[in-house]
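> any chance you can model this:
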Amino acid sequence: TPQVFLCSNPGYDEEYGVNLIEGIAWTISEITFHIYGIKGKSHDNVIYHGEESSERFDEEIKDFQCGLRLNDFDGMSEVIYKSILLGQHPISRLYYPYITYVKDTTDLINALRDLKNKKEPNLVGREYWLEKAHRSL
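This next block holds a predicted model:
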């Protein structure tokens, strides 16, 4: 079962895609969504974790398959960066090399369903972003 994580801040459920995930989660029950940063009522395949320490967050997400960032405007978010450096297969509404780009809800659902087919770590993406970080030091 693919495990996907996303983060939000109180009052920004729409901007961070929480409302979208709540609306589509039932259609992709083979995915478990972990939502960090806000409280909510966990149900079916959606688990709310609230605020966690950085250490606990890092420990919990290390074996997940995907960091999900659904903001329409963003810099390189910590969710995407941590996910790619862990060799995961992150998904974003913004284009980044080696990260799955989705333009709409249909693309998102298809990308989420495809996670079960991604059996190997995203090492090419991980190396690309490690090199990019190293060059900027």
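
> what's the helix ranked longest in the chain packed up against?
Secondary structure of the chain per DSSP state H: the longest helix is helix 123-135. Here helix 123-135 touches helix 78-85, going by 3 or more C-beta pairs under 8 Å, 6 or more residues apart in numbering; DSSP states H and E. (Each C-beta comes from the backbone N, C-alpha and C, glycine too.)

> and the helix it packs on, which residues are buried?
In terms of neighbour count (16 or more other C-beta atoms under 10 Å), helix 78-85 has its buried residues at 79-85.

> quick one, what contacts the residue nearest to V124 when sequence neighbours are not counted?
With sequence-adjacent residues excluded and distances taken as C-beta to C-beta, 6 or more residues apart in numbering, V124 is closest to Y98, at 6.1 Å. Applying C-beta atoms under 8 Å, 6 or more residues apart in numbering to Y98 gives the contacts 84, 122, 124-125, 128-129.

> most neighbours among these, please name it.
Each of the contacts of Y98 was scored by neighbour count (other C-beta atoms under 10 Å); the top score is that of I84, with 25 neighbours.

> in terms of pLDDT, where does it sit?
According to the per-residue confidence, I84 scores 96 in pLDDT.

> just to revisit the earlier point, and the contacts of Y98 as JSON lines, adding distance to Y36?
Written out in JSON lines, the entries for those read as follows (distance: C-beta to C-beta, whole Å):
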{"residue": "I84", "distance to Y36": "17"}
{"residue": "N122", "distance to Y36": "21"}
{"residue": "V124", "distance to Y36": "27"}
{"residue": "G125", "distance to Y36": "22"}
{"residue": "Y128", "distance to Y36": "25"}
{"residue": "W129", "distance to Y36": "21"}
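
> how about the strands in the protein?
Under the criterion DSSP state E, strands of the chain are mapped to 3-7, 32-36, 46-50, 66-69, 91-92, 100-101.

> now, of the ones you listed, which is deepest in the fold?
Taking mean count of other C-beta atoms under 10 Å as the contact definition, the stretch among these with the greatest mean neighbour count is strand 66-69, which reaches a mean of 26.
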